[in-house]
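>>> sequence plus the predicted model coming up.
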Amino acid sequence: MLSIVIPTLNAETELPGTLAIVQATSMAHEIIIADGGSKDQTPFIAADAGTKFTATLGGRGPQLQAGTLYATGDWLLFLHADTRPQPGWDHVVGDFMSNPDNRFRAGYFQFILGDTRPAARRIEDLVRWRCQTFGLPYGDQGLLISREFYDLLGGFKPVALMEDVEMVRAIGIKRLVELPSAAVTSAKKYQQDGFWMRPIKNLWCLGLYFIGVPPRLIGSLYK
């Protein structure tokens, strides 16, 4: 059985479309919204969709931890509210889960930005290179992992930022699998920050993380 955990924070614009996609098939046993203190309609959207709902403060790491506590499936799919799997995703996920070789592996979707400009394609190429070279898919590519493996790794760390990097580093590049399916992520943040500035900002934060700067401080600088 598959449990889908979606961390949210004021996600009323993007969440309905993502829920519509994941609820359009019978793949998900349950969907858990792990909210970070939304002040918009996010909790009501979750309730109308019949999802489980939990709320906690402290950033995405604590949210994912809290959401996982409510999960009853033997497989977990962590998915951002503005990241939408493309048609056929359920078959790909089902095939991954049914393969016993993937018991201690984790899968992630190919990254696509919801923007038609060439700059978006350059970002996608950069993400593909980062994943293949360093084994660093981010949370906006989803993460499919067995509950057994997740628990063995100790789960997501309770940090406000870089929780996805810490998790994939714990998994290890040899145990990460790019799924033959894509997910489209909203390009809103890139459109606001700039298609060059946003990646530079992300790489700067990643560099700070690798030299040992605490994620809490990185989060403060990021904002």
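On my side now, so go ahead.
>>> how about the nearest residue to Tyr138 once chain neighbours are set aside, phi and psi?
Leaving aside its chain neighbours, Tyr138 sits nearest to Asp164 (5.2 Å; criterion: C-beta to C-beta, 6 or more residues apart in numbering). Yep, even glycine has a C-beta here, placed from its N, CA and C like the rest. Asp164 adopts backbone torsions of phi -70, psi -40, taken as degrees, to the nearest 10.
>>> check contacts around Asp164.
Arg60, Pro137, Tyr138, Gly139, Leu143 (C-beta atoms under 8 Å, 6 or more residues apart in numbering).
>>> is the last one in a bridge, and if so with what?
Right, Leu143. Phe78 (DSSP bridges).
>>> look at the residue lying closest to Ala28 once chain neighbours are set aside and tell me its secondary structure.
Excluding the flanking residues, the one nearest Ala28 by C-beta to C-beta, 6+ apart is Ile4, at 4.9 Å. Here Ile4 is recorded as strand under DSSP: H, G, I helix; E, B strand; the rest coil.
>>> kindly state the beta-bridge partners for Ile4.
Bridge pairing for Ile4 - DSSP bridges - gives Ile31, Leu77.
>>> just to check, it is in contact with Glu30?
Yes: counting by C-beta atoms under 8 Å, Ile4 does reach Glu30; the two are 7.3 Å apart.
>>> more neighbours, the two?
Taking other C-beta atoms under 10 Å, Ile4 and Glu30 do not tie; Ile4 has more neighbours (28 against 16).
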